[in-house]
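Trainee: Using only what follows, build the 3D model:
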Amino acid sequence: MENNYRVVVIGSDRAISMIRRLSSDLAQDGCDLVAMSSFSLGDNFVVMMIVNTDAEIHELRGLLEPTTEKHQLRLIIDSVKEFDPTHHCPEVSVRLQGRDRVGVFSYCMTILNDAGLEIMSMNSDLLGKPEVGQSSDFLNLIKGRATLGLEELNRAAENLRRNKIDITITDTSK
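Mentor: The predicted structure follows:
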């Protein structure tokens, strides 16, 4: 098969059933599903797939549109020249928690990025409903690589702790 495509489907509510339907549509047409990732935010979901096929982009779109239109999903397809299927394993897990406020996410990401954290996956949530006049706590769970080493990440963690952000860094490479 000569064509690689990145297929992105965005929708609401039914992520698992949509993954089943889309992967069945692809398999029935002889497309190779090389890699797939999905995630949800509340009732919203995104599925990203790398598909290898002999079909042209308009043919692939024609194959998937009946399902995506029927379920009111957004479909994005573009060509991928090269796809490296090797998956690098995360070597660190980072847990951040603190009071939610404007700019706190950007602040944390800047500190961790400057310390060499390469983010491979991340989930971010607000915890509970705050009382009137109070803010929620946020929780970020990150898996990634420590490109400048664990010592540098731990130094960054101290900076975050001084600013009332609870952070735990776990070495998952062992």
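Trainee: quick check: mean pLDDT across the helix or strand containing Arg20?
Mentor: Following DSSP states H and E, the helix or strand that holds Arg20 is helix 15-28. What helix 15-28 shows for mean pLDDT is 84.
Trainee: for stretch 80-89, same thing?
Mentor: 77.
Trainee: Centre of the chain to that stretch, how far?
Mentor: Distance of stretch 80-89 from its chain centroid, counting by Cα atoms, centre = their mean, to the nearest Å, is 15 Å.
Trainee: and what of stretch 60-80?
Mentor: The answer for stretch 60-80 is 20 Å, by Cα atoms, centre = their mean.
Trainee: in it, what's buried?
Mentor: Leu60, Arg61, Leu63, Leu64, Thr67, Thr68, His71, Leu73, Leu75, Ile77 (16 or more other Cβ atoms under 10 Å). To be clear about C-beta, it is placed using only N, CA and C from the backbone, and glycine gets the same treatment.
Trainee: Go ahead and confirm Ile165 touches Asp100.
Mentor: No: in this structure, Ile165 is not within contact of Asp100 by Cβ atoms under 8 Å, at 10.9 Å.
Trainee: Looking at those two, which is more packed in?
Mentor: Ile165 (19 against 15; other Cβ atoms under 10 Å).
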